[in-house]
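In: Just need the structure, nothing else, for what follows:
(chains A, B and C)
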Amino acid sequence: MNSLTIFMNALLVLVAVTGLLVALARNPRRQVFLGSLFGTELALLFFLWQAPDVAVAELAVGGLVLPALVLLTLARVEGRSK
Amino acid sequence: MNHFPEVIAAWLFVVGLYGIVTSRHLVHLVMCLGIIQAGTYLLLIAGGYRFPPAAAPIFETAEQTTLTSVDPIVQALTLTDIVVGAAVTALLLAITIQIHKSTGNLDPQELRLMHRP
Amino acid sequence: MMERFRQIVALVLGMGLFTLLIWGWSALPNFGNYPGPNGDIVNRSARAERQVQNAVAAVVFDYRGFDTMGEEFIFLATVMGVSLLLRKPGRTTDEQAEGEQVIRKAANQPVDSNDAARTSGLVFVGLLVVLGAYVALHGHLSPGGGFQGGAIVAGGWLLIYLVGGSEMFHRLSSVVILDRVEALGVAAFILCGLVGWLLDGRFLGNWMPLGQAGRLGSAGTIFALNVLVGITVGAGFILLLREFIKHLDEVAPRRRP
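Out: As a prediction, the model looks like this:
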């Protein structure tokens, strides 16, 4: 078990914990930031797993476009003032 | 632990499903769907991984194609998966906005009891 | 009480599903021991056959190009669906008039940034658009590709809204242009496939000159389809963001202070 495997497994555990936090967080705004962190961890994991194309895609989509859409939805839905 | 990524993928799947079933806010539900999709990405990419010195399927010189690499087909599937996941999430969020506009309520448990005439 | 009951049932069934999934997936090959053979075949022959450096791009746009076409359709339908869902009933269906109306409503929105933030932010817009274009253009040479580049460009466009305000964003994202750009991207994709059918005997066959691997103008239709997908995905994401932002303006119009 060299250091790379240990790091990968630690990152996997971190992904699992972040995923659990996203599902258990009841406040959607907190969820958005956790979700963005989740996407970044996934991108790092994909990069370690020798999948750079997928890592860039996950960063761009899960870290940029999706949190923006969710925040815009929340602003629309949760109140009359942005 | 030679199936650890698959274990984490199953964990994400079940955690996301639990979040969807017990959700009280439609936006929270949509994000839990994203967790499930992330579980499938993990399963796919982990299925095509080889230990080092296997490298990414990018070959600058012709000699590099003779070296061992990871599976590019699974990465292509995951790429499509990610884009379609983003599109589905956007559509679900638009539906959420419309539901809020017409009922003012965003609780999935309340919305099931629609007694509209 | 019902909620607690539902939580417990979900927890128990979730644990059952978890064990079932693990038991099923433990039959997969061990992690790190991908057995092949399809991936190895593609890796060995993609560079020689198609003069492309990125094997994933070869799979996405050449060997499995049909799946990418289906995914383009899904994307197009989704953007269309979001536009239809977020449309106010009874509004004019003339895109030009609707665009002007949106800009007028957006002009009421105050801009939430000072001049310093706006200037530096808009510089980054240019950087992100160029980065996205670079990633999309070089998809067949290095990690990246059409989807990634399009998403990055859309992210840069979002920055216009964040620092430049709603009116600037809407002036720069005209539905009339973006709609047609997106549709043209998909149409050109299919046209490329049809030409491949005529010339190569296979739909989406690689019929353009292959060139030499490592140069920008190599890999034939992989390069062209990459650019087209980048245009479509970029325009599509910008349209999606525009629909959500437009809806926000309709709800909370505020006067400039």
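
In: check contacts around the closest residue to C:P143 other than its chain neighbours.
Out: Nearest non-adjacent residue to C:P143, counting by CB to CB, 6 or more residues apart in numbering or on different chains: A:P52, 3.5 Å away. All C-beta atoms are positioned from the backbone trio N, CA, C, and that covers glycine. Contact analysis of A:P52 by CB atoms under 8 Å, 6 or more residues apart in numbering or on different chains lists A:46, B:56, B:58, C:143.

In: and the host helix or strand of C:E243 with chain A, contact?
Out: Using DSSP states H and E, C:E243 sits in helix C:221-251. Yes. Helix C:221-251 is in contact with chain A by CB under 8 Å from any CB of the partner chain, via C:237, C:240-241, C:244-245, C:247-248, C:251.

In: Now do residue 58, the pLDDT please.
Out: Just so you know, I chose chain A. On the pLDDT scale, A:E58 is placed at 94.

In: meant chain C, my bad for not saying
Out: Reported pLDDT for C:A58: 90.

In: Same check on C:T92?
Out: At C:T92, pLDDT is 60.

In: can you list the residues that contact the helix or strand bottoming out on mean pLDDT in chain A?
Out: For chain A, counting by mean pLDDT, DSSP states H and E, helix A:66-77 ranks last in confidence among helices and strands (a mean of 90). Applying CB under 8 Å, 6+ apart, the set of residues contacting helix A:66-77 from outside is A:28-29, A:31-33, A:35-36, A:39, A:82, B:27, B:30-31, B:34, B:86, B:89-90, B:93, B:96-97, B:100, B:106, C:155, C:158, C:240-241, C:244-245, C:247-248, C:251.

In: Could you rerun that using 6 Å?
Out: A:28, A:32, A:36, A:82, B:86, B:89-90, B:93, B:97, B:100, C:158, C:244, C:247-248, C:251 (CB atoms under 6 Å, 6 or more residues apart in numbering or on different chains).

In: I'd like to know which of those residues are buried.
Out: Buried by 16 or more other CB atoms under 10 Å in any protein chain shown: A:28, A:32, A:36, A:82, B:86, B:89-90, B:93, B:97, B:100, C:158, C:244, C:247-248, out of those.

In: can I get these in TSV with pLDDT, secondary structure and distance to B:V21?
Out: Output for these, formatted as TSV (pLDDT from 0 to 100; DSSP: H, G, I helix; E, B strand; the rest coil; distance: CB to CB, whole Å):
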residue	pLDDT	secondary structure	distance to B:V21
A:P28	85	helix	17
A:V32	92	helix	21
A:S36	93	helix	24
A:K82	39	coil	32
B:A86	93	helix	23
B:T89	94	helix	18
B:A90	94	helix	23
B:L93	93	helix	20
B:I97	90	helix	23
B:H100	88	helix	21
C:L158	91	helix	32
C:F244	89	helix	27
C:H247	79	helix	29
C:L248	78	helix	30
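
In: and which of these is nearest C:R87?
Out: If you rank the buried ones among the contacts of helix A:66-77 by distance to C:R87 using CB to CB, C:H247 comes first, at 9.5 Å.

In: Torsion angles phi and psi at whichever residue of chain C sits closest to chain B?
Out: Proximity of chain C to chain B (CB to the nearest CB) peaks at C:G39, 3.3 Å away. In terms of degrees, to the nearest 10, the main-chain angles of C:G39 are phi -60, psi -40.

In: can you count the residues close to the closest residue to it other than its chain neighbours?
Out: Distances taken as CB to CB, 6+ apart place B:D71 nearest to C:G39, at 3.3 Å, with adjacent residues excluded. Using other CB atoms under 10 Å in any protein chain shown, B:D71 has 29 other residues around it.

In: per-residue confidence at residue 48?
Out: This is for chain A. For A:L48, pLDDT reads 92.

In: nope, chain B
Out: pLDDT, B:G48: 89.

In: mind listing what the spatially closest residue to it that is not a sequence neighbour touches?
Out: Nearest-residue entry for B:G48: B:D71, 3.0 Å, with adjacent residues in sequence omitted and distances by CB to CB, 6+ apart. Residues in contact with B:D71 (CB under 6 Å, 6+ apart) are B:48, C:34, C:39.

In: do that again at 8 Å, thanks
Out: Here B:D71 is in contact with B:47-50, B:57, C:34, C:36, C:38-39 (CB under 8 Å, 6+ apart).

In: Which of those residues has the largest number of neighbours?
Out: B:P57 (32 neighbours).

In: How many neighbouring residues does residue 23 have?
Out: All of this refers to chain A. Neighbours of A:A23 (other CB under 10 Å): 25.

In: actually it's chain C I care about, not the one you picked
Out: 10.

In: Same check on C:L76?
Out: For C:L76, using other CB under 10 Å, the count is 17.

In: For chain B, which residues score under the pLDDT cut-off?
Out: B:113-117 (pLDDT under 70).

In: Give me the residue at the spatial middle of it.
Out: For chain B, the residue sitting closest to the mean C-alpha position, by CA atoms, centre = their mean, is B:Q37 at 1.5 Å.

In: still on that earlier bit, tell me, what's the model's pLDDT at the residue nearest to C:P143?
Out: For A:P52, the predicted pLDDT is 93.

In: Could you do C:Y161 as well?
Out: 88.
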